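1. Sharing a model that was predicted from the sequence below.
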Amino acid sequence: MAANGKARWLIGGVLAACMGYGHAQCARLVVTADPAYPPMHWYDGTSLQGASIEIAKRVLDDLKIAYEVRYLGPFPRIMALAERGDVDMVATLKKTPEREAFLLFPKTPALSNPVGVFGFRERPFDYRERADLVPLRGGITRGNVFGNGLDEYIRDKLQVEESNSPDGNFDKLALGRIDYFITGYYTGMALLLKRGDEERFVPKSPFLVETPNYLALTRKGRCADKLDLIDARLAVLKKNGVLEELIRNSFARWKAHPVMVDR
């Protein structure tokens, strides 16, 4: 009996340790984001800012989940870290099959970001639908994906080249090296405001797509088990209008002080 009791005690201790270790893994959830996608998310030289960050902080504060917001470099590096599970949350992302291989997406989106076509005012062209872009030369920012079939259309039908930053694409557009630039509408307008040359570029209508963006958790990260809690809290905040308020406040903050450091 003593041996059996000791064995049961050892097994119980191992199980308790495992359970305790699993809890300790998510002692502090690490949040990061693309540092060059204002007004959704950007790096101001000191910390990550923007609507995505504010929504993530509000959700985690409400759930009393400890977290740390970290600037970790350019977007391609962010995605490599997420794939390895070296961060816990990327705020915010569009959902694609490729990303679902290493990211978990809640049911409730954090925000929606329409994707637009920008042209140079001095070189106008007719645009009514995406097919009008086929004979032209376009640009996108490396690492951007748009969802709702647009990425496949760009790959299969359009002549586009990648640049490392949205600023680079606007520069190429002004120089006539490309005819149009595809990017998130709000991001494009935010960068033009920062550059002080919004009068030189034209956002075309209609939008190409309007896709939801999510607070994504990494599958290999320490906090993947928090997905359902985060989704439930997002749903409540969305229903109460809190998400829209956070988005409006963040956009106003960028407009008042459009400072971004793109290292």
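-> Perfect, I can see it now. Being a predicted model, the structure only gives us computed values, none of them experimental.

2. Now do the same contact list for the closest residue in space to residue 59 that isn't next to it in sequence.
-> Using C-beta to C-beta, 6 or more residues apart in numbering and skipping the chain neighbours, the partner closest in space to residue 59 is residue 233 (4.9 Å). Just so you know, the C-beta spots here come from the backbone N, C-alpha and C atoms, and that holds for glycine as well. The contact partners of residue 233, by C-beta atoms under 8 Å, 6 or more residues apart in numbering, come to 59, 62, 63.

3. helices or strands up against the strand or helix carrying the first one?
-> Same thing as residue 59. Following DSSP states H and E, one finds residue 59 within helix 51-63. Here helix 51-63 touches strand 29-32, strand 41-43, strand 67-69, strand 89-94, strand 111-120, strand 209-218, helix 227-239, helix 242-256, going by 3 or more C-beta pairs under 8 Å, 6 or more residues apart in numbering; DSSP states H and E.

4. Tell me which of the ones you listed sits nearest to residue 105.
-> Closest to residue 105 of the helices and strands packed on helix 51-63 is strand 209-218 (C-beta to C-beta; 4.6 Å).

5. if we can go back for a sec, dump the helices and strands packed on helix 51-63 to CSV, plus mean pLDDT and distance to residue 178.
-> Putting the helices and strands packed on helix 51-63 into CSV (pLDDT from 0 to 100; distance: least, C-beta to C-beta, whole Å) gives the following:
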stretch, mean pLDDT, distance to residue 178
strand 29-32, 98, 30
strand 41-43, 95, 23
strand 67-69, 98, 34
strand 89-94, 96, 23
strand 111-120, 95, 9
strand 209-218, 95, 20
helix 227-239, 98, 37
helix 242-256, 92, 25
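
6. Adding distance to residue 166, write these out as TSV.
-> Output for the helices and strands packed on helix 51-63, formatted as TSV (distance: least, C-beta to C-beta, whole Å):
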stretch	distance to residue 166
strand 29-32	19
strand 41-43	11
strand 67-69	22
strand 89-94	16
strand 111-120	9
strand 209-218	16
helix 227-239	27
helix 242-256	14
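
7. Pull up the gap between the nearest residue to residue 89 once chain neighbours are set aside and residue 177, please.
-> With sequence-adjacent residues excluded and distances taken as C-beta to C-beta, 6+ apart, residue 89 is closest to residue 31, at 4.6 Å. Residue 31 sits at a distance of 36 Å from residue 177 (criterion: C-beta to C-beta, to the nearest Å).

8. more neighbours, the two?
-> When residue 31 and residue 177 are compared for neighbours, residue 31 comes out ahead with 22 against 13, by other C-beta atoms under 10 Å.

9. Run through the bridge partners of that one.
-> residue 69, residue 89 (DSSP bridges).

10. Just to check, it is in contact with residue 81?
-> No - counting by C-beta atoms under 8 Å, residue 31 stays clear of residue 81, with 11.9 Å between them.

11. Mutual contacts of these two, please.
-> With contacts defined as C-beta under 8 Å, 6+ apart, the residues shared by residue 31 and residue 81 are residue 87.

12. count of residues packed around residue 228?
-> With other C-beta under 10 Å as criterion, residue 228 counts 10.

13. do you know how far it is from residue 107?
-> Distance from residue 228 to residue 107, by C-beta to C-beta: 9 Å.

14. Check residue 236 too.
-> 13 Å.
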